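In: missing the sequence, but the structure's below:
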């Protein structure tokens, strides 16, 4: 027992078991992990950690030929534990039975937990049902029983719209790919679509894609495109990849234009905070891809410019690579692509006077943006510094970087005196100029001016950097 008590974590015990061939060490590690499995609950650890604890227990038991001990612990936990804990244990025990060739026992372990599905966490119910379906189809060649399992669980989950819809998506896939019942699959998926905003965005999108694929397979491409556009009307923001699907389905210019409008209108809606906006901004590439498909090259690059303004530092290099590819694809040569890459040089001496080629394009003035700008003008000023930061982030999407800089500076002026608030506001103020010019010295002058005023950090007079910054953030007039 002394060896067992020496371990401080499951990972440490598992590593000792794996790295040693000493029977005593292995037995000690197994005993420690077994003790943990007998008492751990989800109240004290995350779901992935809990699952991994039982997987480690299973692997050790199989290696040592002590599967009966693993099985006994699992059966006792399934019998006495809360349903969320029970379900996770059952998942691993089912895997153990299947790996041991006991397919019926593996299936029964899952279906026993699904008997009271309505009382279990819905995500676990969907997962257990999926495992049951996979076992019945891939290992037991019983697809009709898989269909029955899904329909039974769907009935139990009828009061949980999103869980039932996830099960319907699973059933639709089974009907189409295994049972060759395309009509039945489409009917089930359309039941999900009929629920609209009552189901989550990912679940809804899965049904959308299934119906669109079935329509495409029937040669009804126009109907398939119309179905795909529904994903842009759901209350949740659309998943990535919708633009590529629309192009793949040969959407007409009118349909693509409608999707651009829908995406922009979703972006333009007022947000509760900058975090919500940042989630939306992840879909800007969809707008760019749609504009490229429409042949509106310069407008697509204006949207790409907006993407560079709103992308956080951790993702900036990836965006630079993406924009470079877009420029090459649109121009058919490396002219602007190389100019954009040269402008991104970290070494300012090497970059010299190279200008951001995206700053040579006019401001975006599409209807969604113009309406949002008018709404900002008509609305009262933001109520606090966080609201000003949200306004600043939205102005970046509106392709008004100078105004975004000024809004962030206003956030700084009304923010609390905490370091975190001051730094967040200063960074947001400098961000537009840094994205537009990559001039770190100029961006630092903005930060210094905010933090120190005219005397500067070293006591030397510091000129107000904002007038020059506004000039550098100005766009040419449309031709």
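Out: Arrived safely, thanks for sending. Predicted model only: the values in this text are computed from it and were never measured.
In: Counting neighbours, what do you get for residue 95?
Out: By the measure other C-beta atoms under 10 Å, the count of residues near residue 95 is 17. All C-beta atoms are positioned from the backbone trio N, CA, C, and that covers glycine.
In: do the one 4 residues further on as well
Out: As a burial measure, residue 99 scores 12 neighbours (other C-beta under 10 Å).
In: With residue 146 instead?
Out: Neighbours of residue 146 under the rule other C-beta under 10 Å: 23.
In: quick one: the helices in the stretch 201-350 of the chain?
Out: Under the criterion DSSP state H, counting those that start in this stretch, helices of the stretch 201-350 of the chain are mapped to 201-217, 221-229, 242-248, 253-268, 274-281, 284-293, 297-310, 316-331, 335-343, 348-351.
In: starting at the chain centroid, how far to the fifth one?
Out: Using C-alpha atoms, centre = their mean, to the nearest Å, the distance from the centre of helix 274-281 to the centre of the chain it belongs to is 12 Å.
In: So what's the predicted local confidence for the residue lying closest to residue 364 once chain neighbours are set aside?
Out: Leaving aside its sequence neighbours, residue 364 sits nearest to residue 399 (C-beta to C-beta, 6 or more residues apart in numbering; 4.2 Å). With respect to pLDDT, residue 399 scores 97.
In: ok, residue 399 - how many residues close by?
Out: Residue 399: 22 neighbours (other C-beta under 10 Å).
In: didn't it look like it was pressed against residue 366?
Out: No - if you go by C-beta atoms under 8 Å, residue 399 and residue 366 don't touch, sitting 9.3 Å apart.
In: JSON lines please, covering the helices of the stretch 201-350 of the chain and showing mean pLDDT, distance to residue 133 and mean neighbour count.
Out: What follows is the helices of the stretch 201-350 of the chain, written out as JSON lines (pLDDT from 0 to 100; distance: least, C-beta to C-beta, whole Å; neighbours: other C-beta atoms under 10 Å):
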{"stretch": "helix 201-217", "mean pLDDT": "96", "distance to residue 133": "15", "mean neighbour count": "21"}
{"stretch": "helix 221-229", "mean pLDDT": "96", "distance to residue 133": "25", "mean neighbour count": "20"}
{"stretch": "helix 242-248", "mean pLDDT": "95", "distance to residue 133": "26", "mean neighbour count": "19"}
{"stretch": "helix 253-268", "mean pLDDT": "95", "distance to residue 133": "34", "mean neighbour count": "18"}
{"stretch": "helix 274-281", "mean pLDDT": "89", "distance to residue 133": "32", "mean neighbour count": "16"}
{"stretch": "helix 284-293", "mean pLDDT": "96", "distance to residue 133": "32", "mean neighbour count": "22"}
{"stretch": "helix 297-310", "mean pLDDT": "96", "distance to residue 133": "40", "mean neighbour count": "22"}
{"stretch": "helix 316-331", "mean pLDDT": "93", "distance to residue 133": "36", "mean neighbour count": "16"}
{"stretch": "helix 335-343", "mean pLDDT": "90", "distance to residue 133": "47", "mean neighbour count": "17"}
{"stretch": "helix 348-351", "mean pLDDT": "61", "distance to residue 133": "57", "mean neighbour count": "10"}
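In: Go through those and name the closest to residue 143.
Out: Residue 143 lies closest to helix 201-217 among the helices of the stretch 201-350 of the chain, at 17.5 Å (C-beta to C-beta).
In: okay, the angle between that closest one and helix 221-229?
Out: Angle of helix 201-217 versus helix 221-229, following axes from the mean of the first three to the mean of the last three C-alpha atoms, to 10 degrees, is 180 degrees.
In: packing partners for helix 201-217?
Out: Helix 201-217 sits against helix 161-177, helix 182-194, helix 221-229, with contacts defined as 3 or more C-beta pairs under 8 Å, 6 or more residues apart in numbering; DSSP states H and E.
In: next one: phi and psi at residue 142?
Out: The phi/psi pair for residue 142 (degrees, to the nearest 10) reads phi -130, psi 60.
In: Begin at 44 from now on, thanks
Out: I'll keep to 44 as the first residue from here, and by that count the last item is residue 185.
In: Which pLDDT does the model give it?
Out: Listed pLDDT for residue 185 reads 97.
In: Could you list the domains of the protein?
Out: Split into domains by automatic domain parsing, the chain comes to 44-144, 145-396, 410-515.
In: Dump the helices of the stretch 244-393 of the chain to CSV, plus distance to residue 448.
Out: What follows is the helices of the stretch 244-393 of the chain, written out as CSV (distance: least, C-beta to C-beta, whole Å):
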stretch, distance to residue 448
helix 244-260, 33
helix 264-272, 36
helix 285-291, 30
helix 296-311, 20
helix 317-324, 15
helix 327-336, 20
helix 340-353, 10
helix 359-374, 18
helix 378-386, 19
helix 391-394, 20
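In: Lowest-scoring secondary structure element of the protein by mean pLDDT?
Out: When the helices and strands of the chain are compared on mean pLDDT, DSSP states H and E, helix 45-48 comes out lowest with a mean of 45.
In: helix or strand right after that helix?
Out: The element immediately downstream of helix 45-48 (helix or strand, assigned by DSSP states H and E) is helix 53-62.
In: still on that earlier bit, with distance to residue 317 as extra columns, can I get the helices and strands packed on helix 244-260 in JSON lines?
Out: Shown next, in JSON lines, are those (distance: least, C-beta to C-beta, whole Å):
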{"stretch": "helix 204-220", "distance to residue 317": "28"}
{"stretch": "helix 225-237", "distance to residue 317": "32"}
{"stretch": "helix 264-272", "distance to residue 317": "28"}
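In: So for residue 253, which of those helices sits nearest?
Out: Nearest to residue 253 among the helices and strands packed on helix 244-260 is helix 225-237; the distance by C-beta to C-beta comes to 4.4 Å.
In: That closest one vs helix 264-272, what angle?
Out: Helix 225-237 and helix 264-272 are oriented at 40 degrees to each other (the same axes, to 10 degrees).
In: Off-centre distance for helix 225-237?
Out: The gap between where helix 225-237 is centred and where its chain is centred comes out at 26 Å by C-alpha atoms, centre = their mean.
In: Tell me how many other residues surround the residue lying closest to residue 57 once chain neighbours are set aside.
Out: Setting aside the residues directly before and after it, residue 57 is nearest to residue 99 in space (C-beta to C-beta, 6+ apart), at 4.8 Å. Neighbour count of residue 99, defined by other C-beta under 10 Å: 22.
In: next helix or strand past the strand or helix carrying residue 174?
Out: Counting by DSSP H and E, the element that carries residue 174 is helix 165-177. Once the chain leaves helix 165-177, the next helix or strand it forms, by DSSP H and E, is helix 186-199.
In: Buried residues in that next one, which are they?
Out: The neighbour-count check on helix 186-199 (16 or more other C-beta atoms under 10 Å) flags 186, 189-190, 192-193, 195-197, 199 as buried.
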